[in-house]
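Asker: Here is my input, please return the structure:
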Amino acid sequence: MATIKKELVHAILNRAYGLNKDFNNQNNLEEQCEFLKQTVLAEKSLTKGEKSYAIKLINEDFDYYKIIYNKETKRICKDCQVECLATLYYCENCVRNYLKTKISNWTSGNNDIDNLIQKCQMETLKSDGIVEWIPYNNLQNIKYKLKAVSLRFTRQIGSMEGKSHLTISNKYGQIVLCYGITQDPSDGIYMLVMIKMHENLREYLQQNHSKLTWKDRIKIIYDIIPLVRIIYKENAIHRDLYSGNILFHQLNQIFYISDLGICGPANKSLNSVYENLPYIAPEVIAKKEYSFASDFHNIGMLMWEI
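Answerer: Predicted coordinates for the structure are as follows:
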């Protein structure tokens, strides 16, 4: 079987998405999906197997957007006999019903954590994006069931960090994927188990400084802005946007937003300044009050650094 050049496939997909800027718009999703498929099929540099792989990824994205927007044609699942939006590999209702039957099989030992994980599971959009309680002994050499992961320490998993990362990343693919929660039995510290990224934006800029054109830099900014918009859609403020929290995944050549440690509702103020000093908005230093405007200031600083 011929090897699939995944980096090439993702590069072609990124270009196709770039030609179709409105794919994440809830209108005419089916037409946009078809446009992407035709763009891939017309690409001469891809083998037949690579085209099939690319179309599989497009279909997965299509299902995701259908469910999150509750749009497009529904089908009757042959297993549960209930209408569902996912069309190819799973039924969102079957996934959630299955998770319900497994609730009694696990517990973190903390009711708040159990309730948070169960809430996320009942809002699952993709079969490969299920939040779990992960026993610590399942982690070996920072790997979990063959998936490379990173561990994010947090003192209180029920605090804004735990809730923000689990609830927001569970809904949006552009937030660093969180597989679930674990706890180190030796010290009781809780950790978010997240997909491992390769480098942050600052490191990426330093390593590629001599190669990046103005067009490349503008594209980075263009890719980052929608990440921040996702948080605003949740009526939340990030409060700590800087180049160390924008992470890059080499395989799919995409930037993701991370470190939602002090991300929270726009109507909930914080009494302390947490950010990196060069990125702090003047009004935050003066009043210690965060707002959407302070995040906009951070975006401006990101643009300056890029």
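
Asker: any chance you could map the strands in the stretch 201-306 of the chain?
Answerer: All strands of the stretch 201-306 of the chain, identified by DSSP state E, counting those that start in this stretch, fall at 236-237, 246-249, 254-257, 264-265.

Asker: Give the pairing partners of the second one; include direction for each.
Answerer: Strand partners for strand 246-249, identified by DSSP bridges, are recorded as strand 199-200 (antiparallel), strand 254-257 (antiparallel).

Asker: Worst mean pLDDT among the strands of the stretch 201-306 of the chain?
Answerer: Per-stretch mean pLDDT for these is lowest at strand 264-265 (a mean of 42).

Asker: Verify the contact between I58 and V40 for me.
Answerer: Yes - counting by CB atoms under 8 Å, V40 is a contact partner of I58 at 7.1 Å. Heads up, the C-betas are built off the backbone N, CA and C, glycines and all.

Asker: any residues in contact with both of those two?
Answerer: The contact sets of I58 and V40 overlap at L13 (CB atoms under 8 Å, 6 or more residues apart in numbering).

Asker: Deepest-packed of the strands paired with strand 246-249, please.
Answerer: Highest mean neighbour count among these (mean count of other CB atoms under 10 Å): strand 254-257, with a mean of 20.

Asker: hmm, who's touching that one?
Answerer: Outside of strand 254-257, the residues within contact range by CB under 8 Å, 6+ apart are 10, 14, 174-176, 197, 201, 220, 223-224, 227-228, 230-231, 238, 241, 245-249.

Asker: now, which of those residues lie within helices?
Answerer: H10, N14, L201, I220, D223, I224, L227, V228, I230, I231 (DSSP state H).

Asker: and the first one, what does it touch?
Answerer: When contacts are counted by CB under 8 Å, 6+ apart, H10 touches L251, N252, Q253, I254.

Asker: separation between the third one and N14?
Answerer: Just to be clear, that refers to Q253. Computed as CB to CB, to the nearest Å, the Q253 to N14 distance reads 6 Å.

Asker: what do these two both touch?
Answerer: Joint contacts of Q253 and N14 (CB under 8 Å, 6+ apart) do not exist.

Asker: re the thing from before, just the buried ones among the contacts of strand 254-257, please.
Answerer: Neighbour counting by 16 or more other CB atoms under 10 Å classes 10, 174-176, 197, 201, 220, 223-224, 227-228, 230-231, 238, 241, 245-249 among these as buried.
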